[in-house]
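**Student:** I'll drop the sequence and a predicted model, then ask my questions.
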Amino acid sequence: MNNKYVNFVFLLMSGLLISGCSEQGDAPKASVSSSQTEAANVREVIKIDPTLAAEGEAIYNQNCAFCHQADAIGKPGFAPSLTNQEFLRVSSDQFLMGTIRDGRAGTGMPPFAHLGRKQVEAIVAFLRAHAKQPNVSAEIDAQPPSHGDERLGQFWFDSICITCHGPNGNGYAAGGTGTAIGKASFLDKVTDGFIRVTIRDGRTNTRMIGYSGPASMAALSDDDIDDIIAYLRTVPSKD
């Protein structure tokens, strides 16, 4: 074989290999940098105006403290904690403001629309001032909807969730220690991602433990959790 031809082929192959290695080495750096930037934007701790938060505390004490307690820690079987870190982490401002404004029909949570938007925003700022973790509600609410089997979901709900949340998720009204997660006034305001993450991770310092992974009380799979969500979505008309 012609030596010049062999040398040409060798140089050509060497160039291709070097080029390929360079591309493979450079691509992950760009990808990691981009993902880190996105994560930083999404996971940044919300900055609160201290003056607005102080105003919110005064409004909270006048309107909310009786049920949710002076420190917003809540009372089992009566009112949920509003300063629980996992709750603040997954709740959007839209969810918090909508719940305060509209209340939750069928529960002890009345509407506070009479306060007006500015005062409701101040209450939310007061609650946000307790957050120590980044808010990830945007990415959680962007999760795809559940396509689970509601029949399997009812099995899991009756086996696990009913103990605290009561039949059909009636919550405190059924004598449970958990909130009324089966009411339309709750389900109309939360995304499937919100429910999914709450079931999976639970909430510290409450009776809502996480139900995913080997260390949990019941190691539910992602499909099991989506089945429960599918069942919850069929519940409101039953009671």
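**Tutor:** Received, thanks. Numbering: from 1, shown residues only.

**Student:** now do the contacts for the closest residue to residue 135 other than its chain neighbours.
**Tutor:** Spatial nearest neighbour of residue 135, chain neighbours left out: residue 46 (5.2 Å); criterion: CB to CB, 6 or more residues apart in numbering. The way it works is simple: take the backbone N, C-alpha and C, and place the C-beta from them, glycine included. Counting by CB atoms under 8 Å, 6 or more residues apart in numbering, residue 46 touches 128, 131, 134-135.

**Student:** would you list these in CSV and tack on neighbour count, distance to residue 86 and secondary structure?
**Tutor:** Shown next, in CSV, are the contacts of residue 46 (neighbours: other CB atoms under 10 Å; distance: CB to CB, whole Å; DSSP: H, G, I helix; E, B strand; the rest coil):
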residue, neighbour count, distance to residue 86, secondary structure
128, 22, 14, helix
131, 17, 10, coil
134, 14, 12, coil
135, 20, 11, coil
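
**Student:** which of these sit farthest apart?
**Tutor:** 128 and 134 (11.7 Å; CB to CB).

**Student:** surely residue 112 touches residue 63?
**Tutor:** Yes: contact criterion CB atoms under 8 Å: residue 112 and residue 63 qualify, at 6.2 Å.

**Student:** check the gap between the residue nearest to residue 135 and residue 90 for me.
**Tutor:** 13 Å (CB to CB, to the nearest Å).

**Student:** likewise for residue 212?
**Tutor:** Distance from residue 212 to residue 90, by CB to CB: 15 Å.

**Student:** ok, now residue 150?
**Tutor:** Distance from residue 150 to residue 90, by CB to CB: 23 Å.

**Student:** please identify which of these two sits among more neighbours.
**Tutor:** Between residue 150 and residue 90, counted using other CB atoms under 10 Å, the more crowded position is residue 90 (26 against 18).

**Student:** tell me which stretches of the chain form helices.
**Tutor:** 3-42, 50-63, 65-68, 85-90, 93-102, 116-128, 137-141, 150-156, 162-165, 184-187, 192-201, 222-232 (DSSP state H).

**Student:** quickly list the domain ranges of this protein.
**Tutor:** 50-136, 143-238 (automatic domain parsing).

**Student:** would you list the phi and psi of residue 132?
**Tutor:** For residue 132, the backbone dihedrals (degrees, to the nearest 10) come out as phi -120, psi 0.

**Student:** how about the nearest residue to it, chain neighbours excluded?
**Tutor:** Nearest non-adjacent residue to residue 132 (CB to CB, 6+ apart): residue 85, at 5.9 Å.

**Student:** what does residue 124 give?
**Tutor:** residue 96 (4.9 Å).

**Student:** relative to residue 88, how far out is the residue nearest to residue 77 when sequence neighbours are not counted?
**Tutor:** Setting aside the residues directly before and after it, residue 77 is nearest to residue 177 in space (CB to CB, 6+ apart), at 4.9 Å. Plainly put, residue 177 is 20 Å away from residue 88 if you go by CB to CB.

**Student:** looking at the two, which is more packed in?
**Tutor:** Looking at residue 177 and residue 88 with other CB under 10 Å, you find the greater number of neighbours at residue 88, namely 21 against 16.

**Student:** contacts only, for the closest residue to that one other than its chain neighbours.
**Tutor:** Spatial nearest neighbour of residue 88, excluding adjacent residues (CB to CB, 6+ apart): residue 131 at 4.4 Å. When contacts are counted by CB under 8 Å, 6+ apart, residue 131 touches 45-46, 85, 88-89.
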